[in-house]
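Participant: have a look; sequence and predicted model below, questions after that.
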Amino acid sequence: MITILLQNDLHVGWDKATKTFSIDEKLVRFATSYELLNVATGNSKIFELSHSTGPEWDPSTKWIYKSGDLTLEVVQDKKLTAKRAEAYLDAKLDRYSE
């Protein structure tokens, strides 16, 4: 489990209407569960992986985690996802041996 500290210097978004936190994947390592820890209050919630909104090579895919009625979205970085997709194709098509 990865702990995400909710504090001013880390860019965690919050949408009150949908009760959704969001964070860019560049700021956290991938995990199947995250703990969001409010540094000011000491309160925390554990979010478990629920699903993704699309395929792993789609830059608009989000990884969705749930904790009761709260949601955490880990948003894929478009440039990083494109680099990963290209590296995957290079390996699968054996482009490195040419």
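Facilitator: In hand now; what should we look at?
Participant: give the contact list for Val75.
Facilitator: Val75 sits next to Ser22, Ile23, Asp24, Glu25, Lys62 when contact means Cβ atoms under 8 Å, 6 or more residues apart in numbering. From N, CA and C alone the C-beta is placed, and that goes for glycine too.
Participant: which one among these sits at the bottom for pLDDT?
Facilitator: Lowest pLDDT of the contacts of Val75: Glu25, 88.
Participant: what's the burial count for it?
Facilitator: 16 (other Cβ atoms under 10 Å).
Participant: with Leu36 instead?
Facilitator: 20.
Participant: wasn't it part of a helix?
Facilitator: No. Assigned with DSSP: H, G, I helix; E, B strand; the rest coil, Leu36 falls outside any helix and is strand.
Participant: contacts only, for it.
Facilitator: Per Cβ under 8 Å, 6+ apart, neighbours of Leu36: Thr3, Ile4, Leu6, Val12, Phe21, Ser44, Lys45, Phe47, Ser67, Leu72.
Participant: narrow the contacts of Val75 to those in helices?
Facilitator: Within those, no residue falls in helices by DSSP state H.
Participant: surely Glu25 touches Leu80?
Facilitator: Yes. With contacts counted by Cβ atoms under 8 Å, Glu25 reaches Leu80, the gap being 7.0 Å.
Participant: how close does the nearest residue to Ser33 once chain neighbours are set aside sit to Gly42?
Facilitator: Excluding its sequence neighbours, the residue lying closest to Ser33 (Cβ to Cβ, 6 or more residues apart in numbering) is Met1, at 4.6 Å. Met1 sits at a distance of 17 Å from Gly42 (criterion: Cβ to Cβ, to the nearest Å).
Participant: so the two - more neighbours on which side?
Facilitator: Counted by other Cβ under 10 Å, Met1 and Gly42 do not tie: Met1 has more neighbours, with 10 against 7.
Participant: how close does that one sit to Phe47?
Facilitator: In terms of Cβ to Cβ, Met1 sits 9 Å off from Phe47.
Participant: what is in contact with the two at once?
Facilitator: Ser33, Tyr34, Glu35.
Participant: count of neighbours near the last one?
Facilitator: If you count neighbours by other Cβ under 10 Å, Glu35 ends up with 15.
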